[in-house]
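In: Next comes the sequence, and after it the predicted model I'd like to discuss.
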Amino acid sequence: MKKFFGRLSLTLLVASGIFAFNPPIVFAQAKAPSRVLLYTSVPQELATQFAAAFMKKRPDIRVEIYRAGSTEVGAKIAAEREVGGIRADLLWLADAPIYYDLRKRGELFAYISPEAAAIPAELKDPKGLFTAGRLINMIIAVNTEVIPLKDAPKSWKDFPDVGNKAVMGNPLYSGSNFVTVAAFVQKDGWGWFERARAKGVVIVRGNSDAATALAGKEFGIAMTLDYIIAGLIKKGAPLATVWPSDGAISVPSPIAIIKGTKNPNGSKAFVDYVLSKEGQEFLVKQEVIPVRGDVKPPLGQPSAKQIKFLPIPYEWAADNAPAIREKFEKTMLQ
């Protein structure tokens, strides 16, 4: 027994020496976080903050972000498809028609999150191929120091009449603007845009650009997104939101998993967090209207059920996307 304890003590001393003098050996054995790659059009700051909140909850998963406008992300996906497959694990865009195209191609991973039970049926694919992650709304924003609120247009019909004091984003870059164009064209043809061009409505890159220019008094009104304007108002900008009498363009901004994901479990965990009460409450703090009925909207904002919205022809827009963009470019930019 004495010899046994002696040998055991020596073994422990040797082991202690390894730990003391070679710490990298210990750390090398620690499991590295698994990786998921998110392609998104969510503004960079918000996407980064949201991913950080998720990783704090799940330190075993590292979220890497590629951020660009929805149209640019769509082009990146098309290019990757031709050279070996889509690299992204997750997709979170404002251009909902992209998901219909991906669904048709069989490139989405079916996953019905347990959190999806709290999401209205009209905001999710029945097979779990995509689910609304946030509700963003195209509204009319007003700089009240340029145009008094009482004089601002109250409908999309009247928007072009403001002429070169009005600004909107470019659907060749922005998915939510593409969806808006598709909704307008499906409803009334190209007449709205022909009138907007004749009146001098200005086109900028995206919604953030339009909102920033509006806050800077370069314009009196803007077609842009509700949460961006709400954030600028919170910072003291002299802006106001008009919910158009003919309906806002409410974009569900779906979250989806790409079928070829190398990390299905990590991807599922991220989707769960986006759709969870905690994830939706995080978005509410950024002035985003939640998709869950059990989460209150930002202070002063309507709930999803209270918004009057124009119907959006998602599948038609997906099937006719190149033609819609080409016609817009000829009508508004050439």
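Out: Perfect, I can see it now.

In: Buried residues in stretch 299-308, which are they?
Out: By neighbour count on 16 or more other C-beta atoms under 10 Å, the buried set for stretch 299-308 is Gln301, Ala304, Ile307. No exception for glycine: its C-beta is placed from N, CA and C like everyone else's.

In: Distance of the first one relative to Phe282?
Out: With distances taken as C-beta to C-beta, to the nearest Å, Gln301 is found 16 Å from Phe282.

In: got it, and the second one?
Out: For Ala304, the distance to Phe282 (C-beta to C-beta) stands at 17 Å.

In: same check, this time on Ser174
Out: 23 Å.

In: re the thing from before, in helices, which of the buried residues of stretch 299-308 appear?
Out: Of the buried residues of stretch 299-308, none are assigned to helices by DSSP state H.

In: Leaving out sequence neighbours, find the closest residue to Asn320.
Out: The shortest distance from Asn320 to any non-neighbouring residue, by C-beta to C-beta, 6 or more residues apart in numbering, is to Ala182 (7.9 Å).

In: And what about the one you found, helix, strand or coil?
Out: When classified by DSSP: H, G, I helix; E, B strand; the rest coil, Ala182 comes out as helix.

In: Go ahead and confirm it touches Glu315.
Out: No - under the criterion of C-beta atoms under 8 Å, Ala182 is not in contact with Glu315, lying 10.3 Å apart.

In: one step back: let me have the buried residues of stretch 299-308 in a markdown table, extended by pLDDT and distance to Ala222.
Out: Shown next, in a markdown table, are those (pLDDT from 0 to 100; distance: C-beta to C-beta, whole Å):
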| residue | pLDDT | distance to Ala222 |
| --- | --- | --- |
| Gln301 | 89 | 18 |
| Ala304 | 86 | 23 |
| Ile307 | 91 | 19 |
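
In: Could you chop the chain up by domain?
Out: The record's domain parsing of the chain by automatic domain parsing lists 34-134+252-301, 136-250+320-333.

In: Now those domains in a markdown table, please, with extra columns for distance to Pro311.
Out: Formatted as a markdown table, the domains of the chain follow (distance: least, C-beta to C-beta, whole Å):
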| stretch | distance to Pro311 |
| --- | --- |
| domain 34-134+252-301 | 11 |
| domain 136-250+320-333 | 7 |
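
In: Now do Tyr99 against Ser245, distance only.
Out: Counting by C-beta to C-beta, the gap from Tyr99 to Ser245 is 29 Å.

In: quick one: which of the two has more around it?
Out: Legend: neighbour count by other C-beta atoms under 10 Å for Tyr99 and Ser245, higher for Tyr99 (23 against 13).

In: tell me the mean pLDDT over the helix or strand where that one lies?
Out: Assigned by DSSP states H and E, Tyr99 falls within helix 97-105. Across helix 97-105, the average pLDDT comes to 94.

In: Does anything pack onto it? Which helices or strands?
Out: Contacts defined by 3 or more C-beta pairs under 8 Å, 6 or more residues apart in numbering; DSSP states H and E place helix 97-105 against helix 70-82, strand 90-92, helix 175-188, strand 254-258, helix 314-319.

In: looking at those, which is closest to Leu37?
Out: strand 90-92 (7.1 Å; C-beta to C-beta).

In: List phi and psi for the closest residue to Val242 other than its chain neighbours.
Out: Distances taken as C-beta to C-beta, 6+ apart place Ile140 nearest to Val242, at 4.1 Å, with adjacent residues excluded. Phi and psi for Ile140, reported as degrees, to the nearest 10, are phi -100, psi 120.

In: ok, Ile140 - contacts?
Out: Contacts here follow C-beta atoms under 8 Å, 6 or more residues apart in numbering; on that basis Ile140 touches Ala152, Pro153, Lys154, Trp156, Phe159, Ile221, Ala222, Met223, Thr241, Val242, Trp243, Pro244.

In: Right, I'll leave it there.
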